[in-house]
Each structure stands twice: as structure tokens, then as C-alpha cells.
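Asker: Below: sequence and its predicted model.
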Amino acid sequence: MHVRRLQGKNVKRAVQFGSGGIGRGFLGQLLSESGYEIVFVDIDRNLVDSLNHRGSYPLQLVGDRNEILTITNIRAVLAEQKDAVAQEIAQADFICTASGVQALPAISEVLALGLQERRKNGADPVNIVICENLNRAAEYLRDLLVQQSTCPPGDYLDEYVGLVQSVVARMAPVRTPDMMAKDPLLIVAESYPFLPVDAAAIRGRIPDIKGIIPADNFQAYVNRKLYVHNAMHAICGYLGYAKGHEYVWQAVADPQIRQVVESAMADVCEGLSKTHNLDPVGLAENVYDLLRRFSCQALGDTVARVAGDPIRKLSGPGGRLIGSALLCLSQGIVPEGIVHSIALALRYDHPADESAVKLQAMISDQGIDSVLQQVCKLTPDQQLYRLIRAEYEKTTGHTVK
């Protein structure tokens, strides 16, 4: 198949790992509107072939900006074609990942090859923006890179490669059969346009890309995203599931759920304000802006998606639910709404969710104490452990032995 390549010395080229909701539904738009040729790297052969055949894809934005865009100047490479991907990396002006944390080990292999080629060619510094839902993602990716035998030395990475963590706040629901029937390449996403990135990690020139905001005090942005956006989304999901709602907007519109969510977020915002010296008014405004965005019916975001994979969402101190509760307790705040949501997450039993089925089997076979220790990484002497255990007893209606 012939793949059209843009020519000319002024053509800016971006390599985008991952062609899903964030890869095409967010980064693709920002890069396209900034004049980049975009090279998508993906494991899905049919998707790669379709993108190359058409040379564009439709992006439907919903929310504050409702329109259908056609993203052009694109091509795609199959991830398993490592030499071809490495050559794209060697020639790239910008690199981004949005493939899921589980894909980073494989991505690090081909990144190492491409970076070694850049070193041989004396290429300019390049920034790799990491759009993965993982705290300290830049450290994790660097550790993966240095383990590769083909990776340039650490001092080269430090000087010429910006491993730049980002905070992705745009929401893009899983594509439904109806969307696929309408157009297999169609992506639907909300129109939120901003991508904060870690300013201190950037190497060379700051990328001239629409929507990217280099931010100082970046860990505060990470924690705000994790403990406000992600935690609030999960709370809406687990409370919504418990009350039988199908869509997130229905959960947000439920007065009882809304009350719990607002109370939980008031606690989190107080904790963030005290920990990071953040403006409490700005934090509160962020909460209500998110609730407005969660209420978007056109987005079609489902409770099952938002509540899905409860084992990951209940993961230890760095996770959205356990982490936000611990943050509150560290500032002397008892986060009753979050604790209640954690108890409901422990009860999440959607039959089509592999993680939920596994979680319920763990509780049945090993007991709730084992899950609190193994999944939540809490110990019996911690206050949060005791609070969750008591709330779980209350929500299940029987005493835990």
C-alpha cells in the first residue's frame, strides 16, 4: 500500500503511540491544528491500514465545542514493524504516548532503537510527552529505557530526551457499536482543549503545539487531576452503579449522589489546598467545571466504563481513591464520602468486568481484610483501613469476620 508522506524541510513530524480515544481524540487534534504531520503507531493492523488508506479520520467534539473535524496529514505504522517505527522516531520533531501503561515496556524497546539512531545522527533534542494515567510516569519510562541494551547512555537521555509527564483531562468514551457502524474511524471526545505538561522536564525548545501548557509545580497538577478528576469520576461511577444508573450524566443528576460527590470533593480540595498551597477557590471552580462536563449527555460516558477495573482503581497509596483518602487524613480531614465510595467499589460486581469478577472472588475466598492489604496496600493499624472496613460492614449489612 502506498502511504503518502509530506515533503519539505519545514514539515514538522510527530510520532503518536496509540490511536485510541486520547491518541486520535485529543493529541491528533492538537498536533494537526499545530501543523504537524502525525505518524500513528498502533498494534491494530486493520486500524493502521484504514488510516493509511483514507489519510484522515473524523473527530466529533461534544461539550463546549460541538462540531465534527476531519483530522488530516496523517499516516500510520504497525507497532510490530520495529525498524520502521525506529526510523520515524529518529526523524521526529515530537513524540507522544497514549497507549496505556501496560504498553510502555514494549514502547520502550522501539524508543530505545530510535533514540540510538538520533544519537548517531546528531539530532536535536526531542520531547516525549507521556499521556498515561500513571503517577511518576516519566521516572517509570526512563527506568524501562535504561534497561534496554540498545538505549543511549543515561547522560544522553538527560540532556537530549525530555521525558515529559502530562495531565490528560479530556474525556473520550469507549467507541460503541453504533459509532463503529457510522464510521469505523470515528472518534467522539469532549472539547476540553488543554494539556498541562511538566515544564521542568522539557529539553530544547518548548514544543509549539496548540493546547500544551508547560506548568511549574507540576506535581500539584498531577495530584489535582488524580484526586479530583479521576477520584470524582470513580465516585460517580460506583455510586451510580449502586443506584442502577447506566450513564455518568444520570449519576451526576441524582441529588443524593451529587451531595456525596460534592462533600467528598470539598474534603479533597481542602487537603490539596493545605498540602500544595493551592487556591481553594480555584480548586472549587475546577470541581464544578468537572461536574458540568460529566453532565454532558452527548458524550455518552457509561457508568460501567468509569467504574470499570476496580482492582486498579482501588490500588494503593498512589491511586485515585486510596490516595485521595490518605491525603485528607494527613491533613486531619475524615473523608466520609470517599470512604463510602471505596466501600461501594469493593462491592462492584459487574458480571462483564473481569476485574470486578476477580475482586469479588478474592473477597469471597480470602476475605475483605486480605483485599485491603493486598489491593489497597493498607495495614490494620491505619485509620483508613479501619474506616473502610467499618463502612464495608455498613454497606453490606453484615459483620465482617
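Answerer: Structure's in. What do you need?
Asker: What helix or strand is A251 located in?
Answerer: helix 248-253 (DSSP states H and E).
Asker: So which residues make contact with that helix?
Answerer: 233, 236-237, 239-240, 243, 245, 257-258, 261, 291, 294-297, 299, 301-303, 306 (CB atoms under 8 Å, 6 or more residues apart in numbering). For every residue, glycine as well, the C-beta is placed using N, CA and C.
Asker: now stretch 307-319
Answerer: Stretch 307-319 is contacted from outside by 135, 226, 234, 237-238, 240-241, 320-323, 326, 342, 345-346, 348, 350, 353, 355-356, 358-359, 371, 375-378, using CB under 8 Å, 6+ apart.
Asker: out of the contacts of helix 248-253, which are inside helices?
Answerer: Judged by DSSP state H, the contacts of helix 248-253 include 233, 236-237, 239-240, 257-258, 261, 291, 294, 303, 306 as members of helices.
Asker: mind checking which helix or strand P214 is in?
Answerer: Using DSSP H and E, P214 sits within strand 212-215.
Asker: Only the C-alpha atoms, please, for the helix or strand that that strand is followed by, written as CSV.
Answerer: Downstream of strand 212-215, the next assigned helix or strand under DSSP H and E is helix 218-224. The C-alpha coordinates for helix 218-224 follow below in CSV (Å, rounded to 0.1, in the frame of the first residue of the first chain):
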residue,chain,number,x,y,z
PHE,A,218,3.7,20.1,38.2
GLN,A,219,3.1,17.5,40.9
ALA,A,220,0.3,19.7,42.2
TYR,A,221,-1.4,19.4,38.7
VAL,A,222,-0.9,15.6,38.8
ASN,A,223,-2.4,15.3,42.3
ARG,A,224,-5.3,17.6,41.4
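Asker: Quick one: distance of helix 218-224 to the chain centre.
Answerer: Centre-to-centre, helix 218-224 and its host chain are 14 Å apart (CA atoms, centre = their mean, to the nearest Å).
Asker: helices or strands next to it in the packing?
Answerer: If contacts are counted by 3 or more CB pairs under 8 Å, 6 or more residues apart in numbering; DSSP states H and E, helix 218-224 sits against strand 195-198, helix 255-276.
Asker: ok so, going back, does anything pack onto the strand holding P214? Which helices or strands?
Answerer: Judged by 3+ CB pairs under 8 Å, 6+ apart, strand 212-215 is in contact with strand 195-198.
Asker: Kindly recompute the last result at 10 Å.
Answerer: The contact analysis (3 or more CB pairs under 10 Å, 6 or more residues apart in numbering; DSSP states H and E) places strand 212-215 against strand 195-198, helix 218-224.
Asker: among the ones you listed, which gets the worst mean confidence?
Answerer: The weakest mean pLDDT among the helices and strands packed on strand 212-215 belongs to helix 218-224, with a mean of 89.
Asker: got the buried residues for it?
Answerer: For helix 218-224, a neighbour-count test (16 or more other CB atoms under 10 Å) marks 218, 221-224 as buried.
Asker: need the residues you listed in a markdown table with distance to A123, can you?
Answerer: As requested, the buried residues of helix 218-224 are exported to a markdown table (distance: CB to CB, whole Å):
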| residue | distance to A123 |
| --- | --- |
| F218 | 26 |
| Y221 | 29 |
| V222 | 29 |
| N223 | 34 |
| R224 | 35 |
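Asker: of all those residues, which comes closest to G18?
Answerer: Among the buried residues of helix 218-224, V222 lies closest to G18 (CB to CB), at 19.8 Å.
Asker: Distance check, the closest one against V197.
Answerer: For V222, the distance to V197 equals 11 Å [CB to CB, to the nearest Å].
Asker: hey, what's in contact with both of these two?
Answerer: Counting by CB atoms under 10 Å, 6 or more residues apart in numbering, the shared contacts of V222 and V197 are 165-167, 215.
Asker: Now the lowest-mean-pLDDT helix or strand in the chain: buried residues?
Answerer: When each helix and strand of the chain is scored by mean pLDDT, DSSP states H and E, helix 177-182 comes last, with a mean of 78. Burial within helix 177-182, assessed by neighbour count using 16+ other CB under 10 Å, is assigned to M179.
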